[in-house]
Structure formats: C-alpha cells, structure tokens
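Undergrad: This is a predicted model, with the sequence first.
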Amino acid sequence: MNMKVRGRTDILLILCGLLVWFLADADRIRSAAAQALELCARSVIPAMFPFMVVSGLLVSLGFGAWISPHLAGCMTPLFRLPGCASSALLLGLVGGYPIGAQTAAGLYRDRLLTREEAQRLLTFCNNANPVFLISVLGAGVFGSVRVGVWLWLIHVGSALLTGLVFRKSGHSTARQDVSRVFPCQAVSLAGAFAEAMRTALNGTLAVCASVVLFYVLATPFRALGGLAGAALTGTVELFSLVPLLTPNRAGFILAAACAGWGGFSVLFQTIAVLEGSGLHPVSCLKGKLVQSLFSGLLAAAVSFLL
C-alpha cells in the first residue's frame, strides 16, 4: 500500500511541475499546442479517420474470417497465430498507428483470438503509416522517394522480426481448442457502419489529444537541436522529429529507429484505443522497444547501400 501511495504522490508532483511549467511559459506552450492542432488537422485526421472507419468495418463484417484461410499458412507457422490475425498486421501496416492495435482489440472482442494470442499480436501489428515513411520522411526530409521506400521496407521487416521474437512465448494454434465465433453473418452493414464511425471518432479524438500533449512536452527537446535533441524528441513524439532530421546516414538511422518505436505519444494513443478491451498495452511497449532496435540495426546496414 505504501508503494502505491508513494507512486501516486510522485505522479501528482510531476503533474504539479508540468502545470507550473505550462503557466510560466504560457506563450511558448500555447504556440506549440497551436502547431500541434494544425498538424492534426493537416496530417493526422485525414490520414487516420478514414482508415479507422474502414478497418473497423472490415473487422465487424468478417474480414478476419474471410482472410484467415488464405494466410493461415503464413501466420500459424511463423507467429503461432491464426490466419485472422493477419488482418491486424496488414491494416496496421497500411493505416498506421494505432490501427493495428485497434484491429487486434476488435478481433479479441469478437472472439477470433484468445487473450494470449491478441497480446502477442499487439507486439508487432501496430506500425507507422507508409505515407509518413515514404512521403514525409523519404521525399520531405531526404529528398528521395527511394529512401522512403527503404524506410518502409525496414519498418515492415523489423515488425516481422519482432513477431518472430515473441512467437516463442506462445503456443501453436494448431493444438489449441479455441471456439472461434465469426460474427459476419450476425452483423448488419448499417449497424457495423454506425459502430465503426463511433469508434473511429473516439479513437481519432484520443489520438489527436495525445499528439497535442506530447508535441507540447517535446518542446524543450526540440529547442536543444543537434542529434541528441532530435533523438529525445523522437522518443517523445514522432511528428515533432521531422523538422529536426538531417538528410545523412545518422538521420536515416535515427528516422528508422524512431519510426519503429513510435514515441510515447503512440504508446498513449494505443492505450486509448485499447481502453475497455481487456488487453494490456505492455505488450505494445515491449514490441516497440524490440522493433526500434531491429529498425536501427537494419537501417545501419542498409545505409551503406544508399
């Protein structure tokens, strides 16, 4: 009990310190928040909301059940997961953070995955948007779509390697006696659409709130400049990293590693979409740490080819 009380006291002291900082530096905090809101309106919402609606519809209408027999031959031997888990992996790679986590939670809610399977899936299905990697980082920072494609390939490869690492903690689905109830026959299109819109709206609002908060929290790191400032900024919030990256080998490795990690902002976005699902976000934390390490190592090797 004393440890819990002490932990809560520490959190309250940190929050009081943040409040004092926000009040003492109100102009800069207001400016950073305005920049983050503009970023959400220009990039985050257009890139996320449509994907969240469509991914929610796909899961509700049985995309996992439909794709399961087609990809079970890959998912089961490689990751010890049923074929329907591939829907979270594919949608996460296309839609970006936190679509993969949202889809995994939907599969668990619909009893297409056991809790243990869903937790392992969370370690590698939550990934960055290819548009961000190829267009924003590749073309925008490094002036090359080719570099952006390499960043995307590194990201995909590191996600799959992370899945292989965590497969050891699971059991083969072929030996599990799991009753998988596919809901696609019982769900109407109108009902699924309304639920997908509602879930996507709540998820998008939570993500934008997280982006704004962590963009503000990254303000002191952005002011540091240099490689250290960029690395610290990328650890906190991914979008804040973009203007700090340098178009060289160090910048390329840092971009790959930070994209694999996603930042504390992505972790809290994931917590938001997992709220009430019964799944624990610690799986995402472990997976992103491992994926960041793989991403940095792969980028260091690939950088000699660019």
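TA: Sure, I can see it. The shown structure was predicted, so the numbers you read here are calculated from the model rather than taken from an experiment.
Undergrad: where in the stretch 151-300 of the chain is pLDDT low?
TA: For the stretch 151-300 of the chain, applying pLDDT under 70 flags the ranges 169-187.
Undergrad: would you list every one of the helices in it?
TA: In the stretch 151-300 of the chain, the segments counted as helices under DSSP state H, counting those that start in this stretch are 189-217, 219-224, 226-236, 238-241, 249-261, 263-274, 282-302.
Undergrad: And the third one, what does it pack against?
TA: In this case it means helix 226-236. On a contact count with 3 or more Cβ pairs under 8 Å, 6 or more residues apart in numbering; DSSP states H and E, helix 226-236 meets helix 219-224, helix 238-241, helix 249-261, helix 263-274. All C-beta atoms are positioned from the backbone trio N, CA, C, and that covers glycine.
Undergrad: How about the last one?
TA: With contacts defined as 3+ Cβ pairs under 8 Å, 6+ apart, the secondary structure elements packing on helix 282-302 are helix 115-122, helix 145-166, helix 249-261, helix 263-274.
Undergrad: how about 6 Å then?
TA: helix 115-122, helix 145-166, helix 249-261 (3 or more Cβ pairs under 6 Å, 6 or more residues apart in numbering; DSSP states H and E).
Undergrad: Over to the fifth one?
TA: Helix 249-261 makes packing contacts with helix 145-166, helix 282-302 when contacts are defined by 3+ Cβ pairs under 6 Å, 6+ apart.
Undergrad: Find the centremost residue of this structure, please.
TA: Y97 (3.4 Å; Cα atoms, centre = their mean).
Undergrad: Which residue, other than its chain neighbours, is closest to it?
TA: V266 (4.7 Å; Cβ to Cβ, 6 or more residues apart in numbering).
Undergrad: how far away is that neighbour from V211?
TA: In this view, V266 and V211 are 9 Å apart by Cβ to Cβ, to the nearest Å.
Undergrad: before we move on, back to that, could I get the helices and strands packed on helix 282-302 in JSON lines, plus columns for distance to A85 and mean neighbour count?
TA: What follows is the helices and strands packed on helix 282-302, written out as JSON lines (distance: least, Cβ to Cβ, whole Å; neighbours: other Cβ atoms under 10 Å):
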{"stretch": "helix 115-122", "distance to A85": "5", "mean neighbour count": "24"}
{"stretch": "helix 145-166", "distance to A85": "10", "mean neighbour count": "20"}
{"stretch": "helix 249-261", "distance to A85": "20", "mean neighbour count": "23"}
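Undergrad: of all these, which lies closest to D25?
TA: With Cβ to Cβ as the measure, helix 249-261 is the member of the helices and strands packed on helix 282-302 nearest D25 (25.2 Å).
Undergrad: now what about that closest one, what contacts it?
TA: The contact list for helix 249-261, computed with Cβ atoms under 6 Å, 6 or more residues apart in numbering, reads 128, 137, 151, 154-155, 158, 234, 241, 245, 288, 291-292, 295-296, 299-300, 303.
Undergrad: Would you enumerate the residues in contact with S240?
TA: Contacts for S240 (Cβ under 6 Å, 6+ apart) come out as 215, 218, 233.
Undergrad: So which of the residues you listed wins on neighbours?
TA: T233 (30 neighbours; other Cβ atoms under 10 Å).
Undergrad: ok, and the closest non-adjacent residue to that residue?
TA: Spatial nearest neighbour of T233, excluding adjacent residues (Cβ to Cβ, 6+ apart): F221 at 4.3 Å.
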